[in-house]
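[1] here is a sequence together with a model predicted from it:
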Amino acid sequence: MSCTCSGKCISYKASMPSHKGRYESGQKRCNSCNAYIFWKGRFCPCCGIRLRLSPRNSKHKQKFLKITHQRKEVVIHGM
């Protein structure tokens, strides 16, 4: 696993969503490549570094966790 960007991540690069947050819309962040990408795995396809799945800022993290918790409740109760 190398720690440098090889440029593969450009094909997975994501644009800013207008109606909700990046993490809420399914984007993940690679700290090594310095980019938000759409990728199903937990590791960057370009450099192999683990992707960040949630915000670091406590204010935004609480908002993200609240939204994901509400989504889980709907799925559980909506059987």
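    Arrived safely.
[2] so what's residue 27 up against?
    By CB atoms under 8 Å, 6 or more residues apart in numbering, the contact list for residue 27 reads 14, 17, 36, 37, 38. Backbone N, C-alpha and C define where each C-beta goes, glycine included.
[3] can you pick out the most distant pair from these?
    17 and 37 (13.4 Å; CB to CB).
[4] who's more crowded, those two?
    Higher neighbour count among residue 17 and residue 37: residue 37, with 20 against 13, using other CB atoms under 10 Å.
[5] shouldn't the more buried one be in contact with residue 15?
    No. Assessed by CB atoms under 8 Å, residue 37 is found out of contact with residue 15, at 10.9 Å.
[6] from residue 6, how far off is the one residue sitting closest to the centre of the chain?
    In the chain, the residue lying closest to the centroid (CA atoms, centre = their mean) is residue 28, at 2.1 Å. For residue 28, the distance to residue 6 equals 17 Å [CB to CB, to the nearest Å].
[7] quick one, strands of the protein?
    28-30, 35-37 (DSSP state E).
[8] want to try TSV for the contacts of residue 27, with pLDDT as columns?
    As requested, those are exported to TSV (pLDDT from 0 to 100):
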residue	pLDDT
14	85
17	85
36	91
37	91
38	89
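[9] can you add distance to residue 58 and give the residues you listed back as a markdown table?
    Compiled in a markdown table, the contacts of residue 27 are given as follows (distance: CB to CB, whole Å):
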| residue | distance to residue 58 |
| --- | --- |
| 14 | 23 |
| 17 | 22 |
| 36 | 20 |
| 37 | 24 |
| 38 | 25 |
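[10] from those, pick the one nearest residue 52.
    Out of these, the member with the shortest distance to residue 52 (by CB to CB) is residue 36, at 9.4 Å.
[11] pretty sure the closest one contacts residue 29?
    Yes. Residue 36 lies in contact with residue 29 (CB under 8 Å); the separation is 5.3 Å.
[12] those two: which is more packed in?
    Using other CB under 10 Å, the more surrounded residue of residue 36 and residue 29 is residue 36, with 22 against 19.
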